[in-house]
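A.B. asks: Fold the following.
(one chain, ligands or ions: 1)
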Amino acid sequence: MTEQAAWARLTNPLVARAYHSARYRKLRDFPRSLVIESTSRCNLRCRMCPRGSMTRRTQDMPRALFDSLLDQIAEHDRRDMVDFVALHWFGEPLLHPDLLGFLERAGRRLPNLRRRGHLRSAVRGLCLSTNATLLSAELAQGLLDSPLTWLGLSVDGSSPETYATMREGGVFEQVAANVERLLALGRRHPREFPTIAIQVIVTRTTRPELGACLRRWEKHLAGIPHARVELKPYTDWAGQVCEPELEAPNRRRQFLYLNCGYLWDTMAVGAGGEVGLCCYDVNASHGLGNAGQTPLQEIWHGEPLTALRHRHARGELKELPLCRNCRMGRKYPLDYLWRRRRR
Ligand code: SF4
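C.D. replies: Residues are numbered from 1 along each chain as shown. Model (predicted):
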């Protein structure tokens with residue numbers, strides 16, 4: 001992590017306060033986005049994933065816990081207050097034996113969430129991301145018929161060698177064949193949902209193959225509404241992953257700290273009910289509570305999360321190792337100027 005300039009260290013708390021009061025003056029009653037870990041089991045050992053340091057128990061989310069979360073989210077969905085529910089976090093969701101049942105119940109209980117899936121400029125609605133290694137014909141058809149609004153399929157690279165540098169335990173040819181089969185099924189009965197995103201993480205190894213990736217999938221995507229290839233920036237998960245062979249060097253200094261917004265928008269619930277600080281908190285290690293014992297709204301307004309929000313708003317991140325090393329909340333002045341010009 002690059003050191004901040006001295007002037008930035010001094011001004012960061014002021015900038016953080018100003019940003020916070022302008023953007024997050026009022027805390028929402030309930031999170032706008034929820035990440036629900038249908039399972040914390042995984043069948044791959046991906047190099048760019050911090051799951052290798054997971055110490056919490058790996059398990060499938062019990063049906064009773066999932067249904068209780070749905071009951072709570074449904075109350076807010078009725079008021080159209082929820083934008084995004086994902087059924088994946090640090091596990092491979094296709095390993096859950098009742099994933100299609102979970103999706104069916106989520107679609108039935110959260111009708112407004114599904115409607116929100118039409119906002120296609122961003123990931124919205126009921127979402128799922130999978131490494132596609134276990135995507136059988138039955139599961140592919142089940143996902144296409146489910147109430148999902150967005151389905152992410154991770155296929156890094158366009159060759160077995162490149163894929164192998166990223167996803168240990170996966171076989172490129174098998175994953176590509178699974179994705180091709182799903183796309184063929186999708187073409188047979190094209191429908192509005194789900195949006196299908198073939199996701200490629202941009203790293204030193206995949207970057208030379210990005211053109212080939214786009215060409216490879218082009219013919220398979222034809223005729224399917226809202227199917228596309230998405231390039232995902234590489235992340236080191238707030239300093240939890242160190243893979244210099246994958247990460248392109250970043251020479252820019254980090255000048256400003258601004259609130260990342262996660263603590264005001266999003267809640268991540270692990271397969272055992274553990275609530276994480278954000279999607280980067282692989283061990284849900286901030287003592288925020290357990291959704292199996294405490295209602296989500298109580299955790300959302302609870303003392304631990306409130307105290308963390310105050311620290312963020314004041315730019316006091318020294319004692320928060322994850323946030324201290326995270327790039328999510330950091331912005332570069334030039335990025336801002338660039339974005340403003342493009343608006
Ligand atoms: S700064 Fe990073 S680690 Fe901290 S809450 Fe935001 S996204 Fe998570």
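
A.B. asks: For stretch 296-313, buried residues please.
C.D. replies: Leu296, Ile299, Trp300, Leu305, Leu308, Arg309, Arg311, His312, Ala313 (16 or more other CB atoms under 10 Å). C-beta coordinates here come from the backbone N, C-alpha and C atoms, glycine included.

A.B. asks: can you tell me which of those residues are in helices?
C.D. replies: Of the positions in the buried residues of stretch 296-313, Leu296, Ile299, Trp300, Leu305, Leu308, Arg309, Arg311, His312, Ala313 sit in helices, assigned by DSSP state H.

A.B. asks: Tell me who's in contact with the closest residue to the ligand within the stretch 101-250 of the chain.
C.D. replies: Nearest residue of the stretch 101-250 of the chain to the ligand, counting by CB to the nearest ligand atom: Ala238, 4.4 Å away. The contact partners of Ala238, by CB atoms under 8 Å, 6 or more residues apart in numbering, come to Tyr280, Leu322, Cys323, Asn325, Cys326, Arg327, Met328.

A.B. asks: Next one: Asn178 from Phe172, what distance?
C.D. replies: 11 Å (CB to CB, to the nearest Å).

A.B. asks: Which one's more surrounded, the two?
C.D. replies: Shown here are Asn178 and Phe172; by other CB atoms under 10 Å, Asn178 has more neighbours (23 against 19).

A.B. asks: Looks to me like that one is in a helix.
C.D. replies: Yes - applying DSSP: H, G, I helix; E, B strand; the rest coil, one finds Asn178 inside a helix.

A.B. asks: need the helices for the stretch 151-300 of the chain, in chain order.
C.D. replies: Under the criterion DSSP state H, counting those that start in this stretch, helices of the stretch 151-300 of the chain are mapped to 160-166, 172-188, 210-221, 262-265, 296-300.

A.B. asks: Residue numbers of the stretch 151-300 of the chain in contact with the ligand?
C.D. replies: Ala238, Cys260, Tyr262, Leu263, Leu277, Cys278, Tyr280 (CB under 6 Å from any ligand atom).

A.B. asks: farthest-separated two in those residues?
C.D. replies: Ala238 and Leu263 (13.7 Å; CB to CB).

A.B. asks: State the distance from the nearest residue to His226 once chain neighbours are set aside to Ser33.
C.D. replies: The shortest distance from His226 to any non-neighbouring residue, by CB to CB, 6 or more residues apart in numbering, is to Thr195 (4.3 Å). Noted for Thr195: a distance of 17 Å to Ser33, by CB to CB.

A.B. asks: higher neighbour count, the two?
C.D. replies: Ranked by neighbour count (other CB under 10 Å), Thr195 and Ser33 place Thr195 first, with 23 against 18.

A.B. asks: Confidence-wise, which helix or strand of this protein is lowest on average?
C.D. replies: The weakest-scoring helix or strand in the chain, judged by mean pLDDT, DSSP states H and E, is helix 333-342 (a mean of 52).

A.B. asks: What are the boundaries of the strands in the stretch 101-250 of the chain?
C.D. replies: 125-130, 150-154, 167-168, 195-202, 227-233 (DSSP state E, counting those that start in this stretch).

A.B. asks: closest one to Gly272 among these?
C.D. replies: Distance to Gly272, taken as CB to CB, is lowest for strand 125-130 among these, at 19.6 Å.

A.B. asks: Just list what the closest one packs against, helices and strands only.
C.D. replies: If you count contacts as 3 or more CB pairs under 8 Å, 6 or more residues apart in numbering; DSSP states H and E, strand 125-130 packs onto strand 84-86, helix 99-109, helix 111-116, strand 150-154.

A.B. asks: among the ones you listed, where is the model least confident on average?
C.D. replies: Lowest mean pLDDT of the helices and strands packed on strand 125-130: helix 111-116, a mean of 85.

A.B. asks: so how far is that helix from its chain's centroid?
C.D. replies: Relative to the chain's own centre, helix 111-116 is displaced by 19 Å; criterion: CA atoms, centre = their mean, to the nearest Å.
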